[in-house]
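the following comprises the amino acid sequence and a computationally predicted model.
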Amino acid sequence: MKLADLAAHLGATLQGDPDTEITSVAGIETAGPGDVTFVSNPRYVTVASTTRASAVIVEPGFQQIPAATLRLDNPYLAFAQAVELFYTPPAYVPGVHPTAVIAPTATVGANAHIAAHAVLMDHVTVGDNAVILPHVVLYPHVIVGSHFFAHAHAVVREHCRLGDHVTLQNGALIGTDGFGFAKQADGTWFKILQSGPTILEDHVEVQANSTVDRATVGETRIGAGTKIDNLVQVGHGTSIGRDTLLCAQVGVAGSTSIGNSVILAGQVGVVGHSTIGDGVIATAQTGIPGDVAPGKTVSGSPAIETRQWLRSVALFARLPELLKSLRLGPKS
């Protein structure tokens, strides 16, 4: 693809040779001739001046560099769109593999691809244009909307409901039992039946080996557009709003309410029965012991406002020095 054509497709302003041939995309540190890359993180500004890439996607005010530049407001989004131009994913033609098991009471919409050893149990309903890859299992009474895409070994448990354009990556588990046990007089644990379904609204994606538990009563609900990264645990009865991000290894205990457009970075932990307001950002490894007001950015464990946490961390390194100064201070 000519660089001029790529710029036109992305809606970018081109500075450089419009006839340069672009053949692929790459990270800025490994890119070479024929590659397009991007810079959205300030730490890579210096690398951009020495990259061997043929073109770099940058913000409008980015400095001049030897490589050609494609300038627009959101380089990261533009790079994501460029990836789609140069990568062709596998095509899954409609049809049902002979080893797939589909119950007579199940209903599958038009143009579905049902791969080898997939299992659709009694009274399952799947919308049009679904792709269900090997060893996916849909338990009884599951309802799935159109354009469902389930990678190998994803499982959806009984009575769960999924909206349109839901994607489950490999090993995603939807509607597994919540962790509920009541202690008996003899000290043993009585398992509490988990009767409420998990509901994923439209355009939700749950990535590899993550679990969204079903509710004891009521429901567990994930709002439209929310994305759940690998190795995330969402506890039973939790409600998560729209367009929220749960990054890798986040753990959310049961009966938690998380608002819209929240970002929980890697390894954030949230105590049960907490309320996390709209627009909250929790940085990596934050421990949230209770409610967080809308719009706050928090860090540390227990979580405090990030600016206060940064000042505290700066002091931690100086504690030995401060302690020594106190010991050697003037005598009264």
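Received the coordinates, thanks. Numbering: from 1, shown residues only.

any stretches of the stretch 201-332 of the chain with poor pLDDT?
Within the stretch 201-332 of the chain, the stretches falling below the threshold (pLDDT under 70) are 328-332.

switch the cut-off to 80
327-332 (pLDDT under 80).

ok, the residue nearest to Thr23 when sequence neighbours are not counted to Ala106 distance?
With C-beta to C-beta, 6 or more residues apart in numbering as the measure, Gly34 is the residue that lies nearest to Thr23, at 4.2 Å, once sequence neighbours are left out. (C-beta placed from N, C-alpha, C; glycine too.) Taking C-beta to C-beta, to the nearest Å as the criterion, Gly34 is separated from Ala106 by 48 Å.

who's in contact with the residue nearest to Thr23?
Taking C-beta atoms under 8 Å, 6 or more residues apart in numbering as the contact definition, Gly34 lies against 21-24, 54.

how much space between Gly272 and Asp213?
Spatial separation of Gly272 from Asp213 under the definition C-beta to C-beta is 12 Å.

and these two? which has more neighbours close in?
Set side by side, Gly272 and Asp213 give different neighbour counts by other C-beta atoms under 10 Å, the larger being at Asp213 (26 against 14).

next SSE downstream of the helix or strand hosting Arg221?
Following DSSP states H and E, one finds Arg221 within strand 220-222. Beyond strand 220-222 in the direction of the C-terminus, DSSP H and E gives the next helix or strand as strand 227-228.

partners of that following strand in the sheet?
strand 205-206 (parallel), strand 245-246 (parallel) (DSSP bridges).

just name the most buried of those.
Among those, strand 205-206 has the highest mean neighbour count (mean count of other C-beta atoms under 10 Å), at a mean of 24.

what strands flank the helix or strand that comes right after that strand, and is each parallel or antiparallel?
Once the chain leaves strand 205-206, the next helix or strand it forms, by DSSP H and E, is strand 211-213. Paired strands of strand 211-213, with direction, are strand 173-176 (parallel), strand 233-234 (parallel) (DSSP bridges).

turn these into JSON lines, including distance to Phe38.
Putting the strands paired with strand 211-213 into JSON lines (distance: least, C-beta to C-beta, whole Å) gives the following:
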{"stretch": "strand 173-176", "distance to Phe38": "33"}
{"stretch": "strand 233-234", "distance to Phe38": "32"}
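
so for stretch 84-91, mean pLDDT?
The average of the pLDDT scores along stretch 84-91 is 93.

what of stretch 137-144?
Mean predicted lDDT for stretch 137-144 stands at 98.

okay, buried residues for it please.
Taking 16 or more other C-beta atoms under 10 Å as the neighbour-count basis, stretch 137-144 is seen to contain the buried residues 137-139, 141-144.
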